[in-house]
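Visitor: got a predicted structure here, sequence first:
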Amino acid sequence: MSFVEARNIAKSYGERPIIANVNLDVDQGAFISVVGASGCGKSTFLRLLLAQEQPTKGTIRLAGQEPAKEPGLDRGIVFQRYSVFPHMTVRDNIVAGESFHQSPVGKFFGKRLKDARDRAQEVLDRIGLGHMSTAYPSALSGGMQQRLAIAQALQDKPKLLLLDEPFGALDPGTKLSMHNFLEDLRTETGMTVFMVTHDLEEAFKLGDRVIVFDKPSWDVPDPDMVAATITYDFDARDGGIPFQTIKEETNLFHSE
Amino acid sequence: MRLINRKPGRILGLILLLVPFMAVLAAYKIGSDIRLAENPRDKLLPAPTAVVETAGRLVSTPDKRSDTILFWQDTAVSLQRLATGIGIAALISMVFGMLIGLLPYARALFAGFVNVLSMVPPLAILPILFIVFGLGETSKVALITIGITPFLIRDLGQRVLEIPTEMMVKAQTLGATSFVIALRLALPQLLPRLIQSIRLSLGPAWLFLIASEAIASEAGLGYRIFLVRRYLAMDIILTYVVWITILAFLIDYGLKKLGEYAFPWFGKDGL
């Protein structure tokens, strides 16, 4: 049984279909890049995975569980913007990953707060934000904010990490260091990741699979009324260079 | 160079800032001089020196009967009414603003009602307040509260709705309950906006305060102005008007500074 199981998903807003006939099976620990033109339902699909919205048809199961009705601890999310809380210091943003669900008022006090802050400081030191721990996120650069957002999302060890164009607003250099950061985290945690991106190079570099959302037909009077679906599913392992494995024992290439 | 690209320097900017004030003062002085030249006993536009002299007397000389300085007593009474009215309005509007902004059920229940309520002209129900609460402090505080609360609720509800969906979703993925989201996300994000909304409500709040004091009161800045109006005591009225303006300005400035000090994260990324 696959870890993420999307069966016959369709989503429409009113009359307008966004995606339809989406079927997907993803193994645990896989990194799936989701690409496609604007308005082809990539982000919609991500919101369905997140359970922020419900599919019009079909079900999405995570680890064989009942379909989720709302976002929860088992799904982590990083958006392109607004992914951290601007009114909390950098360190307390990390602490929130624990306190939001462990305390009935969402806040630790006394020794518990101190311990949580110490742990948060360790996390920040590890991701290179230790010196900014008491600053507010607005003082961070775009790359630092996204690093913080990812670290915060990982605080609760989600089964599934969803990234919605997380590096879309970053400059190329920062983007590369974020790629390394993300790959390190992945090696460390072995989590399953979905990343929506517009950057094909990034998609093939980071992803094990690259799935493409597109409308099956654009050549109709009103393409808006055609739902998008998954049109390609590439194997992107081995540094994004398509490769072929010889699955059968053959002696064709061996001369005696 | 285009006009839109020309900027005044520091000193010129300061001069320009002062020009309208000076112009008003000059116009008053000229008008006052003309009237006083015709009739030295004219009361409509007393000489600026006379106003300053009256002001000096008002802030320092105790009333013969009560042995208190009425100017400061009026100020204290009025400020207390203003603070109580605005304070109650702030509390009510925080609660309802959060409910309306966060819970679709509360929004369905209250939003329409508050919108209709905010259309009721508060001054029109002042007589009702006097009848219900009597002529004491309650009716004056109630007028201020009733006058600005619907606006504050609508405004704050809207501000909560404007909290980016991304943050609300993020909080949910961190396992926050509705209560935790209200307490740790919506409330802290709302407080700086509350200060902004209160600053916007200060004008109406002063209006309601002075209106209720003018109609039935025994002390207060508005009461005094309407009392001395009967004697055409323009020097006293002008002193009080300037003083109210200064107070309003100081309160507004104080709230602005309080917001900047208490919420240093606010307003940088447009959040």
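Guide: Sure thing, it's come through.

Visitor: residue of chain A with the smallest distance to chain B?
Guide: residue A:101 (2.7 Å; Cβ to the nearest Cβ). For glycine as for every other residue, the C-beta is placed from the backbone atoms N, C-alpha and C.

Visitor: did I read that right, that residue in a helix?
Guide: Yes: Residue A:101 forms part of a helix when assessed by DSSP: H, G, I helix; E, B strand; the rest coil.

Visitor: that one is in contact with residue A:156, isn't it?
Guide: Yes: checked against Cβ atoms under 8 Å, the pair residue A:101 and residue A:156 is within contact range at 7.2 Å.

Visitor: now for the two: what residues contact both?
Guide: Common neighbours of residue A:101 and residue A:156, using Cβ atoms under 8 Å, 6 or more residues apart in numbering or on different chains, are A:73, B:174-175.

Visitor: who wins for neighbours among these?
Guide: Within the shared contacts of residue A:101 and residue A:156, neighbour counts (other Cβ atoms under 10 Å in any protein chain shown) peak at residue B:174, which reaches 29 neighbours.

Visitor: could you list the low-pLDDT ranges of the stretch 1-150 of chain A?
Guide: For the stretch 1-150 of chain A, applying pLDDT under 70 flags the ranges A:1.

Visitor: chain B contacts on that one?
Guide: A:50, A:52, A:70-73, A:75-77, A:79, A:81-88, A:96-97, A:100-101, A:103-107, A:136-138, A:149 (Cβ under 8 Å from any Cβ of the partner chain).

Visitor: re the thing from before, burial count for the residue of chain A closest to chain B?
Guide: Using other Cβ under 10 Å, residue A:101 has 21 other residues around it.

Visitor: got the phi and psi for the closest residue to it other than its chain neighbours?
Guide: With Cβ to Cβ, 6 or more residues apart in numbering or on different chains as the criterion, residue A:101 has its nearest non-adjacent residue at 2.7 Å, and that residue is residue B:175. For residue B:175, the backbone dihedrals are phi 90, psi 20 (criterion: degrees, to the nearest 10).

Visitor: residue ranges of the helices in the chain, please?
Guide: No chain specified, so I'll use chain A. Here chain A has its helices, by DSSP state H, at A:42-50, A:90-102, A:110-126, A:142-154, A:172-189, A:200-206.

Visitor: the chain in question should be chain B.
Guide: With DSSP H as the criterion, chain B has helices spanning B:10-38, B:48-60, B:70-102, B:104-117, B:126-133, B:137-161, B:165-173, B:178-181, B:187-215, B:221-228, B:234-262.

Visitor: list the contacts of residue A:83.
Guide: When contacts are counted by Cβ under 8 Å, 6+ apart, residue A:83 touches A:77, A:145-146, A:149, A:152-153, B:166-167, B:170.

Visitor: closest point of the stretch 101-250 of chain B to chain A, which residue?
Guide: Among the residues of the stretch 101-250 of chain B, residue B:175 lies nearest to chain A; the distance is 2.7 Å by Cβ to the nearest Cβ.

Visitor: which residues touch that residue?
Guide: The contact partners of residue B:175, taken as Cβ under 8 Å, 6+ apart, are A:72-73, A:100-101, A:156.

Visitor: among those residues, which two are most distant?
Guide: Farthest apart among those by Cβ to Cβ are A:72 and A:100. That separation is 11.5 Å.

Visitor: more neighbours: which of the two?
Guide: Remark: of residue A:72 and residue A:100, residue A:100 carries more neighbours, 26 against 18, as counted by other Cβ under 10 Å.

Visitor: contacts only, for that one.
Guide: Applying Cβ under 8 Å, 6+ apart, the residues near residue A:100 are A:106, B:171, B:174-176, B:180, B:184.

Visitor: what does the stretch 51-200 of chain B have sitting close to chain A?
Guide: Contacts of the stretch 51-200 of chain B with chain A, taken as Cβ under 8 Å from any Cβ, map to B:164, B:166-167, B:169-177, B:179-181, B:183-185, B:188-189.

Visitor: wait, what's in contact with the nearest residue to residue B:118 once chain neighbours are set aside?
Guide: Closest residue in space to residue B:118, ignoring its immediate chain neighbours: residue B:150 at 3.3 Å, by Cβ to Cβ, 6+ apart. Shown here is residue B:150, whose contacts under the criterion Cβ under 8 Å, 6+ apart are B:114, B:117-118, B:120.

Visitor: equivalent analysis for residue B:204, please.
Guide: In this structure, residue B:204 makes contact with B:147-148, B:151, judged by Cβ under 8 Å, 6+ apart.

Visitor: how about those residues in a markdown table, adding pLDDT and neighbour count?
Guide: Written out in a markdown table, the entries for these read as follows (pLDDT from 0 to 100; neighbours: other Cβ atoms under 10 Å in any protein chain shown):
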| residue | pLDDT | neighbour count |
| --- | --- | --- |
| B:147 | 92 | 25 |
| B:148 | 94 | 29 |
| B:151 | 93 | 17 |
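
Visitor: and the residues you listed, which is closest to residue B:83?
Guide: Comparing the contacts of residue B:204 against residue B:83 with Cβ to Cβ places residue B:148 closest, at 12.8 Å.

Visitor: so how far is residue A:110 from the residue nearest to that closest one when sequence neighbours are not counted?
Guide: When the adjacent residues along the chain are set aside, residue B:148 lies closest to residue B:201, with 4.2 Å between them (Cβ to Cβ, 6+ apart). When distances are taken as Cβ to Cβ, to the nearest Å, residue B:201 and residue A:110 turn out to be 38 Å apart.
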